[in-house]
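# Next come a sequence and a model predicted from it.
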Amino acid sequence: MSKSVLLKSSIAKKYWMALTGLFLCLFLVGHLLGNLQLFAGGEEGRRAFNEYAYFMQHNPLIKVMSYVTYLSILFHAIDGIMLAVQNKKARPVQYAVNNAKSNSSGFARQMALLGSIIFIFIITHMVNFWAKMHFDGKMPMHTINKELEIQGQDPMTGQPTTQKIPVTYALTTKGDYKEVSFINPMTKVSENAVDIKNHTELYDKNSKLKIGEGYKDLHSVVLAFFGKKNDGNYPINDMGKAAAILYLVAMIVLSFHLMHGFSSAFQSLGIRHKRYTPAIEMFGKIFSIVVPALFAIIPLYICFG
Amino acid sequence: MASKTININLKIWRQKNANSKGSMETYKLDNVSTDSSFLEMLDQLNEQLINERQEPVAFDHDCREGICGMCSLFINGEAHGPDRAVTTCQLHMRKFKDGETIFVEPFRAKAFPVIKDLVVDRTSLDRIQQAGGFVSVNTSGNTMDANAIPIPKHDADKSFEAAACIGCGACVATCVNASAMLFVAAKVSQYALLPQGKVEARDRVLNMVRTMDEEGFGNCTNTGACAVECPKEISLENIARMNREYLKGMLSSEK
Ligand code: HEM
Ligand code: SF4
Ligand code: FES
């Protein structure tokens, strides 16, 4: 098998489009299942989501899958654009009148345009969350604030006293909450109880030994991005509503792309049968409505719910 | 049914030769019988043009009964016009209304350069056919009777349906990508389904697809427009079959 056949032939290019496209459909399902946890509220929901985000960033198998996903997106996009450029060249002079809607769906004819919009969305989406998770030095740690009551004795009167000290605890990967800072009742200044390195690693102040690892508070970053007050006090995005609407638009575009793309991929791979093709087409239609709709509801729920 | 006549306006692509720039020209044609075919209507227009000492419109035609694949034309934005499962020579003027403006353009594709007016060069399809659209038979005198080889009825029917392709190029003209996949798939399927064709199946599909790509046709995006506009109703099933054949060929090729 020569290399040129594998990459250059029109039909082989279509196999790659179909394989990467279907893999990305699988990715969408996985990504959606994770995101749906954002519906769970309270500290429990926040905790579950941040633990999930940590797992996604550290599990070796997930890491491999994520690299396959990055490659698939790149390959699918580059191959798709190359195909579209060739296709444009294949008809240098356009028709004066073209009644294309009488024989084909607009989604099918606009795959490259729809895909390019999705590509722009993926980039902005990764800048908003993925890059923060990976590279942002200001990424907050998952912490909660509690008041510690300290029993004491008034030195003058000898009466028992209680003093409330606001303390911040970090949720650690061992599942417990460790004290990270407190407000000194004398000076009213926040003091660290432990040293924090690399965003989330907790070190004992004296022995310099690692005593635990916290979670990045992606949950709060997401809520803040869509303009909602969050437990991590992450600065709220003023454009949260606009962001939620743009995410909705992107999901509509994705829906259109899949409306044609899902079943088209099977045709590209030569999978067509009187009995199964109608079922694949039906499943594709349902998939292309349900998956983007569930994705889109999450920011709308956060923002307006 | 009593025959009616209609008056129509025509907007037709006129282009002197392959190198000149063309443009849409407007003509008025009265008293067109609704029983006449689209090509007969063009004959009538040409008669009028000749009487007015103007250059007649050049267009392709031959059998005028839907079997040769020579007639073409993109009529009101569709290959072979608005009717389904017919060639332009089988399209009747009763499909058009009195006073209607009808746009007539040549099939447009990089692989179908315009020769003159509505006539395009479709020899690119011939070159694809020459790359593998045949079976090699022994003609030394002891040719085997084709009927001696049993063929399942189902396969024979499917092959026959694919063989109905007349190579008109409407699939290319219609396709948003100017892809020739339906044509090539019909030719590949026609042989791939028969025992006689299986011998050369692997090289056939590889060579025909390579030639298709070299001729500058676009890539299929499975819009399905080709099968809708095809006068012989060639099914998309053939494209799926060619995709399977190509995968097999690609993986097992010795080259
Ligand atoms: C999560 C995102 C995406 C998914 C799930 C997806 C899925 C698919 C699927 C299943 C197909 C059908 C493949 C076939 O017909 O064989 C397809 C086709 C296509 N996609 Fe995507 N896609 C995504 C993103 C993109 C992006 C970012 C682009 C970039 C430009 C793009 C461009 C295209 C093009 C041009 C086609 C048509 C290819 C053809 O039929 O020749 N897609 N996509
Ligand atoms: S597949 Fe149909 S439209 Fe294409 S060349 Fe054959 S007969 Fe014409
Ligand atoms: S002229 Fe032969 S098919 Fe129309």
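Nice, I can see it. Numbering: from 1, shown residues only, chains lettered A, B, ... in the order given. Ligands and ions are numbered 1, 2, ... in the order given.
# what ranges do the helices span in chain B?
B:38-51, B:123-130, B:153-163, B:170-174, B:181-192, B:195-198, B:201-214, B:225-229, B:237-252 (DSSP state H).
# can you state the direction angle for the fifth one and helix B:153-163?
Okay, so that is helix B:181-192. On the basis of axes from the mean of the first three to the mean of the last three Cα atoms, to 10 degrees, helix B:181-192 is oriented at 140 degrees to helix B:153-163.
# got a markdown table for the helices of chain B, with mean neighbour count too?
(C-beta placed from N, C-alpha, C; glycine too.) Shown next, in a markdown table, are these (neighbours: other Cβ atoms under 10 Å in any protein chain shown):
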| stretch | mean neighbour count |
| --- | --- |
| helix B:38-51 | 17 |
| helix B:123-130 | 18 |
| helix B:153-163 | 15 |
| helix B:170-174 | 29 |
| helix B:181-192 | 27 |
| helix B:195-198 | 15 |
| helix B:201-214 | 21 |
| helix B:225-229 | 23 |
| helix B:237-252 | 21 |
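# looking at those, which is closest to A:L254?
helix B:225-229 (23.4 Å; Cβ to Cβ).
# Could you confirm whether that closest one reaches chain A?
Yes - against chain A, helix B:225-229 shows contacts by Cβ under 8 Å from any Cβ of the partner chain at B:225, B:228-229.
# Just tell me which of the helices of chain B ends up closest to ligand 1.
Checking these against ligand 1 by Cβ to the nearest ligand atom gives helix B:237-252 as the closest, at 9.4 Å.
# do the closest one and chain A meet at all?
Yes - Helix B:237-252 reaches chain A (Cβ under 8 Å from any Cβ) through B:237, B:239-247, B:250-251.
# Turn those residues into JSON lines, including pLDDT.
Formatted as JSON lines, the residues of helix B:237-252 next to chain A follow (pLDDT from 0 to 100):
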{"residue": "B:E237", "pLDDT": "97"}
{"residue": "B:I239", "pLDDT": "98"}
{"residue": "B:A240", "pLDDT": "98"}
{"residue": "B:R241", "pLDDT": "98"}
{"residue": "B:M242", "pLDDT": "98"}
{"residue": "B:N243", "pLDDT": "98"}
{"residue": "B:R244", "pLDDT": "97"}
{"residue": "B:E245", "pLDDT": "97"}
{"residue": "B:Y246", "pLDDT": "97"}
{"residue": "B:L247", "pLDDT": "96"}
{"residue": "B:M250", "pLDDT": "92"}
{"residue": "B:L251", "pLDDT": "91"}
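# Tell me where the model's unsure across chain A.
For chain A, applying pLDDT under 70 flags the ranges A:1-4.
# Return the nearest residue of it with respect to ligand 3.
For chain A, Cβ to the nearest ligand atom, closest residue to ligand 3: A:N103, 19.6 Å.
# where do the strands sit along the stretch 1-150 of chain B?
With DSSP state E, counting those that start in this stretch as the criterion, the stretch 1-150 of chain B has strands at B:5-14, B:23-33, B:74-75, B:78-79, B:101-105, B:114-116, B:119-120.
# among the ones you listed, which is the most enclosed?
strand B:78-79 (a mean of 26; mean count of other Cβ atoms under 10 Å in any protein chain shown).
# if you look at that one, does any of it touch ligand 3?
No - judged by Cβ under 6 Å from any ligand atom, strand B:78-79 stays clear of ligand 3, getting no closer than 12.1 Å.
# so what strands line up beside that strand?
strand B:74-75 (antiparallel) (DSSP bridges).
# Skipping adjacent residues, who's closest to the closest residue to ligand 3 within the stretch 151-255 of chain B in space?
Of all residues in the stretch 151-255 of chain B, the one sitting closest to ligand 3 is B:I166 (6.1 Å; Cβ to the nearest ligand atom). Of all residues beyond its chain neighbours, the one nearest B:I166 is B:G69 (3.2 Å), with distances taken as Cβ to Cβ, 6 or more residues apart in numbering or on different chains.
# A:G80 now?
Per Cβ to Cβ, 6+ apart, closest to A:G80 is A:G115, 5.2 Å.
# which element is that neighbour on?
helix A:111-125 (DSSP states H and E).
# Check which residues of that helix are buried.
A:111-112, A:114-119, A:121-122 (16 or more other Cβ atoms under 10 Å in any protein chain shown).
# Stretch B:64-73 too?
Result for stretch B:64-73 [16+ other Cβ under 10 Å]: buried residues B:64, B:66, B:68-73.
# wait, which of these is closest to A:G214?
Nearest member of the buried residues of stretch B:64-73 to A:G214, counting by Cβ to Cβ, is B:S72, at 71.0 Å.
# B:V119 touches B:P56, doesn't it?
No - the criterion here is Cβ atoms under 8 Å, and B:V119 misses it with B:P56 at 11.9 Å.
# How about residues contacting stretch A:6-25?
A:5, A:68-69, A:72-73, A:75-76, A:79-80, A:82-83, A:86, A:258, A:261-262, A:264-266, A:268-269, A:287, A:291, B:179, B:209-210, B:212-213, B:217, B:219-220, B:242-243, B:246-247, B:250 (Cβ atoms under 8 Å, 6 or more residues apart in numbering or on different chains).
# and A:H219, helix, strand or coil?
With DSSP: H, G, I helix; E, B strand; the rest coil as the basis, A:H219 sits in helix.
# and it, what does it touch?
Counted by Cβ under 8 Å, 6+ apart, A:H219 has contacts A:38, A:45-46, A:49-50, A:53, A:142, A:230-232.
# Look up how far A:K178 lies from it.
19 Å (Cβ to Cβ, to the nearest Å).
# backbone phi and psi for the residue lying closest to A:Q153 once chain neighbours are set aside, please?
Among residues not flanking A:Q153 along the chain, A:P160 sits closest, at 5.9 Å (Cβ to Cβ, 6+ apart). The phi/psi pair for A:P160 (degrees, to the nearest 10) reads phi -70, psi 140.
# so A:G212 is in which element?
Assigned by DSSP H and E, A:G212 falls in strand A:210-213.
# Does the residue nearest to A:G80 touch A:M82 like I think?
No - counting by Cβ under 8 Å, A:G115 does not reach A:M82; the two are 12.0 Å apart.
# Any chance you could list what contacts the helix or strand of chain B with the lowest mean pLDDT?
When each helix and strand of chain B is scored by mean pLDDT, DSSP states H and E, helix B:195-198 comes last, with a mean of 93. Contacts to helix B:195-198, defined as Cβ under 8 Å, 6+ apart, come from residues B:135, B:137, B:146, B:149, B:151, B:190-192, B:204.
# Repeat the analysis, applying 6 Å as the threshold.
With Cβ atoms under 6 Å, 6 or more residues apart in numbering or on different chains as the contact definition, helix B:195-198 has outside contacts at B:135, B:149, B:191.
# least confident pick among those?
Among these, B:I149 has the lowest pLDDT, at 90.
# Can you give me the neighbour number for that one?
A count of nearby residues for B:I149, using other Cβ atoms under 10 Å in any protein chain shown, gives 10.
# Close to ligand 2: what parts of chain B are there?
B:165-171, B:182-183, B:186, B:230-232, B:234.
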